[in-house]
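Undergrad: Give me coordinates for this.
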Amino acid sequence: MAWQTYYTADNTFATPEFPLRLWHEAPHQGDIPMHQHEYSELNIVLGGSALHVTERDQYRLQAGDVYVVHQDMQHGVRAPQEFDFFVIAFDPARVLLGQERLREISGYHALFVLEPHYRQRHQHRRHLRLSAAQLRHTAALCASLEREYRRTSNGRELLVTLLFSQLVAYLCLCHGETVPRSQPTMLRLAPVISYIEQQLGAPLSTRQLARMAHQSVNQFIRVFHDATGYTPMKYVARQRVLRAAELLEHSVLSCKEIAARCGFDSTNYFSRTFVQLMGQRPTVYRARRLARQ
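TA: Down below sits the predicted model:
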């Protein structure tokens, strides 16, 4: 099924300064046609059922199911039955607080990195399914978030951001508690990716990471690429550049200090790698970002 609609951030968020929007219709009426968007979506099924349709597959959703859809991933919903669907559209770089701490939780990488990208590349129906107790607590968090989102008082955006980050943190912790022993090999990479995030400033090697995953080097490279679309070392380089970009925008550290903190041996190597991924030198990136503020 071909996608029919592309939703842009400009047409979705009320203001570029607060890129978060919430939809909640209970029960949801009618199908949601195949579409794409240039932001991320956190989808939580609070009740009922429906078919989730992707480019490669379709499968039934039911109460307690949680999944993330990132930019340019095609998906839709069909045949809803008493479908209580809570959807949050957001820019993860702008409205998700405490990302460095979240990245230390393996459930974060399973929910936000591995499952969405693997689902896009393969027929993969694995997603977080909350227990009854977890679903009750999640529903209460969603209700608090929705209540504050509907307000118009001063400080609304700050409080919504805090509540959204609390919800995400709770779901990430739930993922670590509910993943079964029979989980796909792909999801066993979550602790490895969490380790990478914590050790970006330290030397990292494919052999070292393969030992953590209890796999041979060749198997680890294959599984890692299959799950993320990158070789292990290309993924490490990408995460180092993204972390450096955050520091360039939000800190006063020099480029030399940022390069060292993010695991680059020299500022020249840092600059070359940054240009390859971001299309501009670190100093230019910082200047342009600061000019927007």
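
Undergrad: Could you list the low-confidence segments of the stretch 101-250 of the chain?
TA: Filtered on pLDDT under 70, the stretch 101-250 of the chain yields the residue ranges 118-126, 178-187.

Undergrad: all strands for it, in order.
TA: If DSSP state E, counting those that start in this stretch is used as the criterion, the strands of the stretch 101-250 of the chain fall at 128-129.

Undergrad: hey, where'd the helices end up in it?
TA: Assigned by DSSP state H, counting those that start in this stretch, the helices in the stretch 101-250 of the chain fall at 106-109, 115-121, 132-150, 156-178, 190-198, 206-212, 217-228, 232-250.

Undergrad: Out of those helices, which is the most enclosed?
TA: With neighbours defined as mean count of other C-beta atoms under 10 Å, the helices of the stretch 101-250 of the chain peak in mean count at helix 106-109, which reaches a mean of 24. C-beta coordinates here come from the backbone N, C-alpha and C atoms, glycine included.

Undergrad: Output that one as CSV - backbone C-alpha positions only.
TA: Coordinates of the C-alpha atoms in helix 106-109 are reproduced here as CSV (Å, rounded to 0.1, in the frame of the first residue of the first chain):
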residue,chain,number,x,y,z
SER,A,106,18.8,-0.5,27.6
GLY,A,107,15.0,-0.3,27.3
TYR,A,108,15.5,3.2,25.7
HIS,A,109,17.5,1.7,22.8
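
Undergrad: residues in contact with it?
TA: Where contact means C-beta atoms under 8 Å, 6 or more residues apart in numbering, the residues beyond helix 106-109 that reach it are 102-103, 168, 171-177, 179, 189-191, 193-194, 197.

Undergrad: what lines up beside the helix or strand containing Y59 in the sheet?
TA: Applying DSSP states H and E as the criterion places Y59 in strand 58-62. Using DSSP bridges, the strands paired with strand 58-62 are strand 40-54 (antiparallel).

Undergrad: What's the mean pLDDT across the partner strand?
TA: Model confidence over strand 40-54, given as mean pLDDT, is 93.
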